[in-house]
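>>> sequence first, predicted coordinates after that:
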Amino acid sequence: MKKDSILYVVAFTFAVCAIFVLVLALANESTKDLVEANREFASQSAVLDALGIAWADRSQAATLYKEQVSPVEGSVPPAYRATVDGSGFIAVEHTGAGLWGAITVILAADPEATLIRGIQIVAQNETPGLGGRIEEAWFLGQFKGEKVPGQKIRVAVGAESKGSGDTDTENGLADGVPGASRTSQAFESIVNDALVRVKAIAGGGK
Amino acid sequence: MFQKQAVMRRVLYALTPIAAFAVWLYGLRVLAVLAVSLAVGVLVEYLFEKKKGGKVSEAVLVTATLFALSMPPGAPLWIVAIGIAFAVFMAKEVYGGFGRNIFNPAIAGRLFVYISFAGVLGNSFYEPGNFGAAAGSLFGKVDAVTAVTPLAALRAGTQVPLLGLLTGIRPGSIGESSVILIVAAAIYLLVTKTAQWRLMMSTVIGGAVAAGILMLAGIPAALPLEALLAGSFLFVAVFMSTDPVSAPKKQPAQLVYGLLIGVVVVVIRTFSLFPEGTSFAILIGNTFASLFDRQATASAKRKAGSAMAAAAKVAAAKADVSKAAPSKEAAQ
Amino acid sequence: MSKTMAILKDNLWTNNPIFIQILGICSTLAVTNNLRNTAIMTLGVALTTAFSSLTLSAMKDLIPRKVRMIIQVLVISFYVIIIDILLRAYLPEVSKQLGPYVGLIITNCIIMGRAEAFAQASKPLLSWWDGLTSGLGYMAVLMGIAVVRELLGFGTLFGIKIMPEAFVPWTIMIMAPSAFFLVAMVMWWAKSMQAGRKPEAKPATPGQQATAAAAPTTTAKA
């Protein structure tokens, strides 16, 4: 058969595609369970971290999660109730628009949404090294135990942000990531929307 | 060792009273900032020119002085050194030295440090007066209590005394303060034909018109017209937009260039997160300068071309008439 | 010099993908503010280039010319997806960190450039070596830039604090513009190094030098 004949070209392309796609499908199938386990662990550990529950390894995280956290029935995206150190908290998963794509966070707060217990990021597609720095400990740590005056927190951007983290937990203010004002502003509204949802869940909503 | 440039000398003369006044406002620290800026700027240019066998231009003195005057008075000296080194190296020498740079080096250096160290520089403003005594020390405290610049105050909605803006006794960058001295310098530069009046005027008009329109349109964040006296707008209009190297050379291009800078300053001040937009505006203007020149040349050629064509037509028509006449005769 | 050494030198220095061929600049601007991401990204590119070159070279006698680019893209994306799957299964943290960048390996011009320019007409193992060294040439430059950017932008290297406490980070180094300056400086340095070597082999005539010196003036005026 000639290499330039239509039949050869079509058959060759088809065969090559079939082979490569088959290999990819096999690879995907064989790692599916592992990926699923990773995903579940990531979401459970994020909920635990947001609630401020310490865990040492994967199995302990799974046990602690089972013991202390109870998902709110039927709420989409998921919400959780948990009792930590004798007081009740609500954790919600919330997705909002970032600069490049959606940012999904888990936010834990008291049922009145006046005190943030903690925030963890589940997924984000912000610029690595710029907006992506919202995942860093200094940034997320600012929200730990932060009071929420008037149902809203604020993330400082531009020249107002010191870029090193705001240690005052009373003012409802956090420093934005330097050079990533838009992501920081987006994060502010995501947190505020999540706080609204916490209140709704506490009031018996889904 | 210096290449003599009379134009640059006159700019330096025009800057001297402004610098002297700044010393009274902010203390001897101003001299330290100037000294570091000049020393590092000349050194970087010298190292480059030595390799190429050229001379250090006097333009670098202007660049270094303008850069120093655009710094906040409390700017750490190491930031000044980094900024001017970047300005002379990255914005001037890599393009081939004096006369070949696309961007105004002083502005490029200022923006480099302004973006890199926004937090530090933003906290480096302090209250002016009596050789820096108002801030508590003759040399100016390095970690002085931060003063609110008029631009920031206007943004926050507070009134700013007009007298302070005119005399320059208000917090701000080292050289941008005194409206009176800057206007005097502008007159000197215009009389000695050192700077182009078109560039200066169109920048100011562009800013004023844009600010006026935004105010009339009722944009809540728009600053009042007095804001043009605050910040570094006038300083930039007089000394930066008139830079003979990075500004366009053709007359209509210069008008468009100035207008663009003025409008962009106001737009950035109003809509961006940065309180001051003059540096960005100059860089944007620089970017388009050669395009404006090209368009101006092209349209001038087109005009000249069509004028010539018209003249040729008239001439041809006349020739036709004169030709037609004898031919008629011939026909008869 | 043996052929493998010649290829190594060519890809690392005389024909480096970044500063001579100016390929793969997009990722240079994007990832180089963080050493760890840069290391993983460039390793991914090096491996993808190596193995896609190997595969395409092995198949080269079978591929019809009409569809060769389609086949190249298919093979390249195959390796990129394999890397993505492996990272998700065995290094979930890294996978999360890199996010969209793994997928973006496919857009790196170096990979297809080597497939077109080298693997099409060379033996499989040699193509593999060529792909790998091209990736290493890319990696060397990016890691160099990333060292400067992370050190000045964050004061850290691989996330470990290097600079003293009083160090003020240079925000611009975190942002893409600084990569422009740094890539330009690397190109300048490399080209002047290479130009400095050339006269030994082939001395330029004075006339040529004069035109070379005059050239910048004309461009500046134009």
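Arrived safely, thanks for sending. Residues are numbered from 1 along each chain as shown, chains lettered A, B, ... in the order given.

>>> CA only for contacts and neighbour counts going forward, please
Fine.

>>> let's check: the centremost residue of chain B is which one?
residue B:240 (1.8 Å; CA atoms, centre = their mean).

>>> let me see the confidence value for the nearest residue to residue A:202 once chain neighbours are set aside.
Nearest residue to residue A:202, sequence neighbours excluded (CA to CA, 6 or more residues apart in numbering or on different chains): residue A:111, at 5.3 Å. Reading off the confidence values, residue A:111 has pLDDT 88.

>>> can you classify residue A:111 as helix, strand or coil?
coil (DSSP: H, G, I helix; E, B strand; the rest coil).

>>> and it, what are its phi and psi?
Main-chain dihedrals, residue A:111, degrees, to the nearest 10: phi -60, psi -30.

>>> so it touches residue A:198, yeah?
Yes - the pair formed by residue A:111 and residue A:198 meets the contact definition of CA atoms under 8 Å, at 6.5 Å.

>>> tell me which of these two has more neighbours.
Remark: of residue A:111 and residue A:198, residue A:198 carries more neighbours, 28 against 21, as counted by other CA atoms under 10 Å in any protein chain shown.

>>> rewinding a little: dump the residue contacts of the residue nearest to the centre of chain B.
By CA atoms under 8 Å, 6 or more residues apart in numbering or on different chains, the residues touching residue B:240 are B:104, B:107, B:282.

>>> how near is residue A:175 to residue A:108?
Using CA to CA, to the nearest Å, residue A:175 is found at 19 Å from residue A:108.

>>> more crowded one of the two?
residue A:108 (32 against 23).

>>> helices or strands up against the longest strand seen in chain A?
Longest strand in chain A, counting residues (DSSP state E): strand A:87-97. With contacts taken as 3 or more CA pairs under 8 Å, 6 or more residues apart in numbering or on different chains; DSSP states H and E, strand A:87-97 sits against helix A:32-51, strand A:79-84, strand A:102-109, helix A:181-202.

>>> so what strands line up beside the shortest one?
Sheet neighbours of strand A:79-84, with direction, are listed as strand A:69-71 (antiparallel), strand A:87-97 (antiparallel) (DSSP bridges).

>>> so it versus helix A:32-51, what angle?
Here strand A:79-84 runs at 60 degrees with respect to helix A:32-51, directions being taken by axes from the mean of the first three to the mean of the last three CA atoms, to 10 degrees.

>>> who touches strand A:79-84?
Residues contacting strand A:79-84 (CA under 8 Å, 6+ apart): A:51, A:53, A:68-72, A:88-93, A:201.

>>> so which of those residues is the most crowded?
The most crowded member of the contacts of strand A:79-84, judged by other CA under 10 Å, is residue A:91 (32 neighbours).

>>> excluding chain neighbours, what is closest to it?
Using CA to CA, 6+ apart, the closest residue to residue A:91 is residue A:108 (4.0 Å).

>>> that neighbour and residue A:121 touch, don't they?
No - using CA under 8 Å, residue A:108 is not in contact with residue A:121, being 11.7 Å away.

>>> quick check: phi and psi at the residue nearest the centre of chain A.
Centroid-nearest residue in chain A, with CA atoms, centre = their mean: residue A:122, separated by 2.2 Å. When quoted as degrees, to the nearest 10, the phi and psi of residue A:122 stand at phi -90, psi -40.

>>> tell me how far it lies from residue A:182.
Applying CA to CA to residue A:122 and residue A:182 gives a distance of 19 Å.

>>> tally up the residues packed near the closest residue to chain C within chain B, please.
At 4.1 Å from chain C, residue B:116 is the closest residue in chain B, using CA to the nearest CA. Using other CA under 10 Å, residue B:116 has 25 other residues around it.

>>> and residue B:89, by the same measure?
Neighbour tally, residue B:89, other CA under 10 Å: 21.

>>> also residue B:214?
Neighbours around residue B:214, by other CA under 10 Å: 19.

>>> same question, residue C:161
Applying other CA under 10 Å, we find 12 residues neighbouring residue C:161.

>>> what do you get for residue A:54?
Residue A:54 has 12 nearby residues by other CA under 10 Å.

>>> these two touch, right, it and residue A:48?
Yes - between residue A:54 and residue A:48 there is a contact at 7.2 Å, judged by CA under 8 Å.

>>> from residue B:289, how far out is residue B:102?
Per CA to CA, residue B:102 is found 9 Å from residue B:289.

>>> list residues touching both of these two?
residue B:246.

>>> of these two, who's got more company?
residue B:289 (23 against 19).

>>> ramachandran angles for the more buried one?
Main-chain dihedrals, residue B:289, degrees, to the nearest 10: phi -60, psi -50.

>>> grab the nearest non-local neighbour of it.
residue B:248 (5.0 Å).

>>> same deal with residue B:68?
residue B:34 (5.4 Å).

>>> follow-up on the earlier one: please enumerate the shared neighbours of residue A:111 and residue A:198.
Shared contacts of residue A:111 and residue A:198, defined by CA under 8 Å, 6+ apart, comprise residue A:90.

>>> could you list the low-confidence segments of chain A?
Chain A contains residues with pLDDT under 70 at A:1, A:128-129, A:158-159, A:206.

>>> quick one: the helix of greatest length in it to chain centroid distance?
Identified as the longest helix of chain A according to DSSP state H is helix A:6-30. Here helix A:6-30 is found 36 Å from its chain centre; the criterion is CA atoms, centre = their mean, to the nearest Å.

>>> what of stretch A:169-188?
Distance, centroid of stretch A:169-188 to centroid of chain: 16 Å (CA atoms, centre = their mean).

>>> end to end on that stretch, go ahead and measure it.
Termini of stretch A:169-188 sit 16 Å apart (CA to CA).

>>> neighbouring contacts of that stretch?
A:96-99, A:126, A:130-131, A:133-134, A:139, A:142-149, A:152-158, A:161-166, C:171-172, C:174-175.

>>> quick one, what contacts the one residue in chain A that gets nearest to chain C?
Closest residue of chain A to chain C, CA to the nearest CA: residue A:35 (4.9 Å). With contact set as CA under 8 Å, 6+ apart, residue A:35 has these partners: C:88-89.

>>> now do it against residue C:93, distance only.
Relative to residue C:93, and taking CA to CA, residue A:35 is found at 12 Å.

>>> can you give me the helices for the stretch 51-200 of chain B?
Here the stretch 51-200 of chain B has its helices, by DSSP state H, counting those that start in this stretch, at B:59-69, B:77-90, B:105-116, B:118-122, B:150-155, B:162-167, B:179-191, B:197-216.

>>> comparing the ones you listed, which yields the minimum mean pLDDT?
Looking at these, the bottom one is helix B:150-155 with a mean of 74.

>>> that one near chain A anywhere?
No - Helix B:150-155 does not reach chain A (CA under 8 Å from any CA of the partner chain); its nearest approach is 10.8 Å.

>>> got the buried residues for that helix?
Neighbour-count burial for helix B:150-155, counted by 16 or more other CA atoms under 10 Å in any protein chain shown, picks out B:150-152, B:154-155.

>>> what's the burial count for residue A:56?
Residues near residue A:56, counting by other CA under 10 Å: 7.

>>> so what does it look like in phi/psi?
Residue torsions, per degrees, to the nearest 10, at residue A:56 are phi -100, psi -50.

>>> so the most centrally placed residue in chain C, which state does it fall into?
Nearest to the geometric centre of chain C sits residue C:138, at 2.5 Å (CA atoms, centre = their mean). What three-state DSSP gives for residue C:138 is helix.

>>> what's the neighbour count on residue C:7?
With other CA under 10 Å as criterion, residue C:7 counts 21.

>>> ok, now which ones touch it?
So residue C:7 contacts C:129-130, C:133 (CA under 8 Å, 6+ apart).
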